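Chemist: fold the stuff below for me.
(2 chains)
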Amino acid sequence: MNKLIRFIPLILFFALGIVLFRGLSLNPTALPSALIGKSFPEFSLATVKDSANIVTKADLKSGIKLVNVWGTWCPSCRVEHSYLLELAKSKRFTLYGLNYNDERELAQQWLTRLGDPYQFSAVDEQGKLSMNLGVYAAPETFVVDDLGIIRKRFAGPLDERVWRREFEPLIIQIENERKQRGE
Amino acid sequence: MFNKLALLIVLLLCSLTAYASPVDTYEFKDEVTKIRFNALTKELRCPKCQNQNLADSNSPIAADLRREVYELLQQGKADIEIVDFMVNRYGDFVLYRPRVSSLTYILWFGPALLLLFGVIIVVLIIRRRAIPEAEQALSVEQKNQLDNILKDKE
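Modeler: Model prediction:
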């Protein structure tokens, strides 16, 4: 018994060491979203291409939707843009943009010069929709299912690897759920 | 001469400290609202910059959130409603003072438990050391044994 007590500090030391070592490899910027499982918030915003064209939640098509938050001021958005153009070709989901904290003219130039992967890009001048989505930086990508429920929030640029690891399984899952409902 | 020097030192000590905090020009309807605004922006964490509160941060999102806090205050919302608004969007992460829930029990009660644990150990050690005198005294039999041993040595 006494011998065991002598080893308690050593055991505690190793336990703490393991916990702290694990902490080194965690990503502190990966925050859980408070919105998973909630309905996509209502909005009424103009689009990048036409300030007179007001889009609302009703303008989102049925089926799986990806909502990508972007801005011309954001270098990572530039990085992921070519991959977004790839994704836009898919028939499994539709891609929408949310232009965040940006200037309309710059955003228009961006889409003309680099190509426009989005069905439409809403301009969030007041930052209200982004706030309701819990967005705090760009790029961020949300997955919204057939029923309008937010299923995922991903912060950071998209590429093939991220897509296969983070998105592909979820898209397949949502497609299976749709089959189960018999649609 | 000495008086002037003393005065200079006093004046230097009174000089204002410069803060590099963002300056917003919000007009408050009364002093209480202003105090509440300052308290809330100090309690809420900037989601982007992680180690700054809303009041200290210069990031665009912090400015947006400060404006939102201001607008909610103007609408006459209670502090708890404003905090709920933020938590519903950004999660418990935005709170510098986490709420008491099953997830945070260890955070809130861990230190008290550790203290209790320490106190128990200290009490055990002290009690073990303080063995009463009476028990230490030798019985008649033991005394005879001791006498015999000592005799043998001689």
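
Chemist: gap between residue A:79 and residue A:147?
Modeler: Here residue A:79 is placed at a distance of 32 Å from residue A:147 (Cβ to Cβ, to the nearest Å). (C-beta placed from N, C-alpha, C; glycine too.)

Chemist: what's the answer for residue B:141, then?
Modeler: Taking Cβ to Cβ as the criterion, residue B:141 is separated from residue A:147 by 88 Å.

Chemist: neighbour-wise, which of the two wins?
Modeler: More neighbours sit around residue A:147 than around the other of residue B:141 and residue A:147, counting by other Cβ atoms under 10 Å in any protein chain shown; the figures are 13 against 8.

Chemist: residue ranges in chain B under the pLDDT threshold?
Modeler: Within chain B, the set of residues satisfying pLDDT under 70 comprises B:1, B:15-23, B:131-136, B:154.

Chemist: swap the cut-off to 90 and go again
Modeler: B:1-31, B:45-65, B:87-107, B:128-154 (pLDDT under 90).

Chemist: please list the residues of it that sit near chain A.
Modeler: Where proximity means Cβ under 8 Å from any Cβ of the partner chain, the interface of chain B facing chain A comprises B:46-48, B:50, B:60-61, B:64-65, B:68, B:87-93.

Chemist: among these, which one lies nearest to residue B:7?
Modeler: If you rank the residues of chain B next to chain A by distance to residue B:7 using Cβ to Cβ, residue B:46 comes first, at 42.6 Å.

Chemist: what about the closest one, how many residues nearby?
Modeler: Here the neighbour count serves as a burial measure; for residue B:46 (other Cβ under 10 Å) it reads 24.

Chemist: same question for residue B:147.
Modeler: If we define neighbours as other Cβ under 10 Å, then residue B:147 has 10 of them.

Chemist: quick one: the strands in chain A?
Modeler: Remark: strands of chain A, listed N- to C-terminal, are A:44-46, A:54-56, A:64-70, A:93-100, A:121-124, A:140-144, A:150-155; assignment by DSSP state E.

Chemist: possible to save those as a markdown table with mean pLDDT and mean neighbour count?
Modeler: Listed next are the strands of chain A as a markdown table, based on pLDDT from 0 to 100; neighbours: other Cβ atoms under 10 Å in any protein chain shown:
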| stretch | mean pLDDT | mean neighbour count |
| --- | --- | --- |
| strand A:44-46 | 92 | 17 |
| strand A:54-56 | 91 | 14 |
| strand A:64-70 | 94 | 24 |
| strand A:93-100 | 93 | 24 |
| strand A:121-124 | 92 | 23 |
| strand A:140-144 | 93 | 23 |
| strand A:150-155 | 91 | 19 |
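
Chemist: can you put these in JSON lines and add distance to chain B?
Modeler: Formatted as JSON lines, the entries for these read as follows, by distance: least, Cβ to the nearest Cβ, whole Å:
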{"stretch": "strand A:44-46", "distance to chain B": "15"}
{"stretch": "strand A:54-56", "distance to chain B": "20"}
{"stretch": "strand A:64-70", "distance to chain B": "12"}
{"stretch": "strand A:93-100", "distance to chain B": "9"}
{"stretch": "strand A:121-124", "distance to chain B": "10"}
{"stretch": "strand A:140-144", "distance to chain B": "11"}
{"stretch": "strand A:150-155", "distance to chain B": "10"}
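
Chemist: please name the residues that touch the residue nearest the centre of chain B.
Modeler: Centrality entry for chain B: nearest residue to the mean C-alpha point is residue B:97, 9.1 Å, by Cα atoms, centre = their mean. When contacts are counted by Cβ atoms under 8 Å, 6 or more residues apart in numbering or on different chains, residue B:97 is found next to residue B:43.

Chemist: and it, how far from residue A:143?
Modeler: Relative to residue A:143, and taking Cβ to Cβ, residue B:97 is found at 32 Å.

Chemist: repeat that for residue A:78.
Modeler: Taking Cβ to Cβ, one finds residue A:78 at 22 Å from residue A:143.

Chemist: equivalent analysis for residue A:42, please.
Modeler: 19 Å.

Chemist: near residue A:175, how many other residues are there?
Modeler: By other Cβ under 10 Å, the residues close to residue A:175 number 16.

Chemist: can you check residue B:103 too?
Modeler: Residue B:103 is flanked by 10 other residues according to other Cβ under 10 Å.

Chemist: what sits closest to it if chain neighbours are left out?
Modeler: Nearest-residue entry for residue B:103: residue B:92, 7.8 Å, with adjacent residues in sequence omitted and distances by Cβ to Cβ, 6 or more residues apart in numbering or on different chains.

Chemist: next: residue B:38.
Modeler: By the measure of Cβ to Cβ, 6+ apart, the closest residue to residue B:38 outside its immediate chain neighbours is residue B:55, 6.8 Å from it.

Chemist: can I take it that the one you found is in a helix?
Modeler: No: with DSSP: H, G, I helix; E, B strand; the rest coil as the criterion, residue B:55 is located in coil rather than a helix.

Chemist: list the contacts of it.
Modeler: The contact partners of residue B:55, by Cβ under 8 Å, 6+ apart, come to B:21, B:38, B:41-42, B:66.

Chemist: same question, residue A:53
Modeler: Contact partners of residue A:53, counting by Cβ under 8 Å, 6+ apart, are A:46-47, A:120.

Chemist: go on, residue B:49?
Modeler: B:57, B:59, B:62.

Chemist: all set, thanks.
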